[in-house]
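Visitor: Could you look at this predicted model? Sequence included:
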Amino acid sequence: MRDLDLTTLRLFVAVCETRSIARAGEQASIVGSAISKRLAQLEDAVGTPLLLRKRRGVVPTPAGETLLEHARAMLGSAHRIERDMAAYAGGARGHVRILASASALAESLAEDVANFLQNPAHRNIRVDMEERVSPEIVRGIREGSASIGLCWDAADLEGLQRRDYRTDHLAIVAHPSHPVARHRGQVRFEDVLGHEFVGMPALSAVQLMLAREAAVAGKPLVYRVLVSNFDAALRVVRAGLAISVVPAEVAQPFTDTYGLRLMPLADAWARRRFAICFRDEATLSPSAQLLVAHLERCATDRADVG
């Protein structure tokens, strides 16, 4: 198979997303006939039809769907290459990309990275952080789309190297007027399952674990509101609409400011440890190695203080 050029792949993705060669041509300022010629050459190169022509446009074939997934990944990698090289052209001498869970970002990672970058010796290092759910983090590290991953250590880290990072403790957060707020001290998850919850992305580590534990308890996990982040979840709790399971380390500022009730979960699984993961320390860039060492020290220092 001949080499695939990025321009043709970009046009192929545009056609698949718009379901129209004409609309893809309008977006790219290219006539439809030129796109059709490129797509025909692409199908010839891969040796199989990629698009089905229908009365109202085109749709990808099963082979086209597979190529679409790979094309998006390749174009994403190309974009990251352009961005990384632009960073070097702007004076950066090192660039580290991190994929991290919402919990890690909300609790301590941003502060730890900021402290790392405040070191004059690291002034020419650029660190990019992107929020992902744990399965996507692991997949991204395995595929090489980022150097370092930060996720709950219960994720499937097989084949990756890891270092211990910080810990947190999941807790129930409730409005003071909510019946759950009458609990004092720790509370078991099973004991609050009769109430409505605020839910977050279905593939997040916390949501998957809560669904599993509710199934084990034989009780339904009922969501009244679905949100995308901890900040929104805590605002829903503040409004008195539902309760939420949130890391205590994230919720504490809200409970202090708005008088919300924070009740740590007594269940053993509620105490979580996060892991720093990467493919191979020997192949990490010097900048990434420095950052991993710094994050390890942050975790050790916190443990010593605790």
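Guide: That came in fine, so what should we check first?
Visitor: Could you point out the longest strand of this protein?
Guide: strand 161-174 (DSSP state E).
Visitor: Return the distance of the helix or strand following that strand from the chain's centre.
Guide: Sequence order places strand 197-199 as the next helix or strand after strand 161-174, per DSSP states H and E. Going by Cα atoms, centre = their mean, to the nearest Å, the spacing between the C-alpha centre of strand 197-199 and its chain's C-alpha centre is 19 Å.
Visitor: Please spell out which residues along the one helix or strand A215 maps to are buried.
Guide: Per DSSP H and E, A215 falls inside helix 205-217. For helix 205-217, a neighbour-count test (16 or more other Cβ atoms under 10 Å) marks A205, V206, Q207, L208, M209, L210, E213, A214 as buried. From N, CA and C alone the C-beta is placed, and that goes for glycine too.
Visitor: May I ask which two of these are separated the most?
Guide: Across these, no pair lies farther apart than A205 and A214, at 15.1 Å, counting by Cβ to Cβ.
Visitor: Which pLDDT value belongs to E82?
Guide: On pLDDT, E82 comes in at 76.
Visitor: Just give the number of residues close to it.
Guide: 10 (other Cβ atoms under 10 Å).
Visitor: which secondary structure element contains it?
Guide: helix 62-89.
Visitor: So which bits of that helix are buried?
Guide: Buried residues in helix 62-89, counted by 16+ other Cβ under 10 Å: G64, L67, L68, A71, M74, A87.
Visitor: isn't the fifth one right next to T8, touching?
Guide: This means M74. No - judged on Cβ atoms under 8 Å, M74 makes no contact with T8 at a distance of 11.2 Å.
Visitor: Let me see the domain layout of the chain.
Guide: Split into domains by automatic domain parsing, the chain comes to 6-86, 95-306.
Visitor: helix or strand right after the helix holding E82?
Guide: Heading C-terminal from helix 62-89, the first helix or strand you meet, by DSSP H and E, is strand 94-100.
Visitor: quick check: angle from that next one to strand 161-174?
Guide: Angle of strand 94-100 versus strand 161-174, following axes from the mean of the first three to the mean of the last three Cα atoms, to 10 degrees, is 50 degrees.
Visitor: Show me the shaky parts of this structure.
Guide: For the chain, the stretches flagged by pLDDT under 70 are 1-2, 83-84, 86-93, 302-306.
Visitor: Tell me which residue is most central in it.
Guide: Central residue of the chain (Cα atoms, centre = their mean): R132, 0.2 Å from the mean position.
Visitor: Please identify the nearest residue in space to it, excluding sequence neighbours.
Guide: L99 (4.8 Å; Cβ to Cβ, 6 or more residues apart in numbering).
Visitor: gap between that neighbour and I243?
Guide: Computed as Cβ to Cβ, to the nearest Å, the L99 to I243 distance reads 30 Å.
Visitor: so the residue nearest to R132 makes contact with S134?
Guide: No - L99 sits out of contact with S134 when judged by Cβ under 8 Å, with a separation of 9.6 Å.
Visitor: Give the buried residues for whichever strand or helix holds A114.
Guide: Assessed by DSSP H and E, A114 sits inside helix 110-118. For helix 110-118, burial by neighbour count (16+ other Cβ under 10 Å) applies to D112, V113, F116.
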